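*Asks:* Task: produce atomic coordinates for the following.
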Amino acid sequence: NMEEANEMVAMVERSNIVFMNAFCHRFYGPVNQALKLFRDGSLGKLIHWQNRFAGRAQGMEKRWISQAEIAGGGILCDTAVHSIDLFRYMVGEVTFVSAQVSTTLPIEVEDSAAILLRSVAGADGFAGVTGEISCSWVTPPPEWVIRLYGTEGRAEIDYSTEPNLRYRLAEGDWIKVPYEGPDRFAAETRHFIECVRDGVTPRVTVYDGARAIALIDAAYRSAREG
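*Replies:* Have a look, this model is predicted:
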């Protein structure tokens, strides 16, 4: 929750330790390739960003992640927190959050959720972009997809295909973009080692973690209060 997140921020500031949140998707090669397509204007102005991380998770009723007292929440905390950080990383800071949640499994937390977002106009990144996040533990087959829609074309990152990134202009066929670098977990770990060993500033800070928690908190309040 935000109280605990703020305590962690204060602890990091007070002790000056090396702290990095494990938002591994920032280190995913195709994510950064797709971002470059929009930053260099290849697909025009970014208008809408969409993400779905979902599938059927077996035995959730027996796992700690579905126990509110331990996990703090359900799929919003487990999965959507990564999606929210991806939006902030790829698009920009968030100015609007609206969410709905549902529970199908015999558990005490939400197992499916949908979130609407909007980026800050004039922020460093892409201004006024709308975002859409959906996630679920109960809907097969699995989907791990990010889609970016621009004025001149669209890009799609599918974690289950090879290559993972493809894009399409207003006219023409899909163009596949290969990636041969390290996977996101290896790249993330390598970067953290550099931060500890060489004094490099972490690409994901304690403030990014606290901001993600603040937006998750806003999503829960939206779901409760409309």
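
*Asks:* can we go C-alpha only for contacts and neighbour counts from here?
*Replies:* OK.

*Asks:* where do the strands sit along the protein?
*Replies:* Remark: strands of the chain, listed N- to C-terminal, are 46-56, 94-102, 112-119, 130-136, 138-150, 153-158, 165-169, 175-177; assignment by DSSP state E.

*Asks:* quick one: Tyr89 from Phe23, how far?
*Replies:* Tyr89 sits 10 Å away from Phe23, taking C-alpha to C-alpha, to the nearest Å as the criterion.

*Asks:* If you could redo that for Lys45, that was the one I meant.
*Replies:* Taking C-alpha to C-alpha as the measure, Lys45 and Phe23 are separated by 26 Å.

*Asks:* Settle it for me: which of those two has more neighbours?
*Replies:* Neighbour count, other C-alpha atoms under 10 Å: between Lys45 and Phe23, Phe23 has more, with 21 against 18.

*Asks:* That one - nearest residue in space that isn't next to it in sequence?
*Replies:* By the measure of C-alpha to C-alpha, 6 or more residues apart in numbering, the closest residue to Phe23 outside its immediate chain neighbours is His82, 6.3 Å from it.

*Asks:* what do you get for Ala210?
*Replies:* Ala5 (5.4 Å).

*Asks:* contacting residues around the one you found?
*Replies:* Contacts for Ala5 were tallied using C-alpha atoms under 8 Å, 6 or more residues apart in numbering; they are Gly209, Ala210, Ile213.

*Asks:* my guess is the last one contacts Met2, does it?
*Replies:* Read that as Ile213. Yes: counting by C-alpha atoms under 8 Å, Ile213 sits close enough to Met2 to count as a contact (6.4 Å).

*Asks:* So if I had to pick from these two, which one is more boxed in?
*Replies:* Summary of the neighbour comparison: Ile213 and Met2, criterion other C-alpha under 10 Å, with Ile213 having more neighbours (23 against 15).

*Asks:* count of residues packed around the spatially closest residue to Gln100 that is not a sequence neighbour?
*Replies:* Closest residue to Gln100 in three dimensions, ignoring its sequence neighbours and counting by C-alpha to C-alpha, 6+ apart: Ala223, at 4.7 Å. Ala223 is flanked by 17 other residues according to other C-alpha under 10 Å.

*Asks:* And Ala223, how far from Ser98?
*Replies:* Using C-alpha to C-alpha, one gets 7 Å for the distance from Ala223 to Ser98.

*Asks:* Report the central residue of the protein.
*Replies:* Taking C-alpha atoms, centre = their mean, the centroid of the chain lies closest to Ser83, which sits 2.1 Å from it.

*Asks:* Next, find the distance separating the nearest residue to Thr205 once chain neighbours are set aside from Glu132.
*Replies:* For Thr205, ignoring the flanking residues on the chain, the nearest one in space by C-alpha to C-alpha, 6+ apart is Met20 at 5.2 Å. Remark: distance between Met20 and Glu132 (C-alpha to C-alpha) = 26 Å.

*Asks:* And for Leu117?
*Replies:* For Leu117, the distance to Glu132 equals 6 Å [C-alpha to C-alpha].
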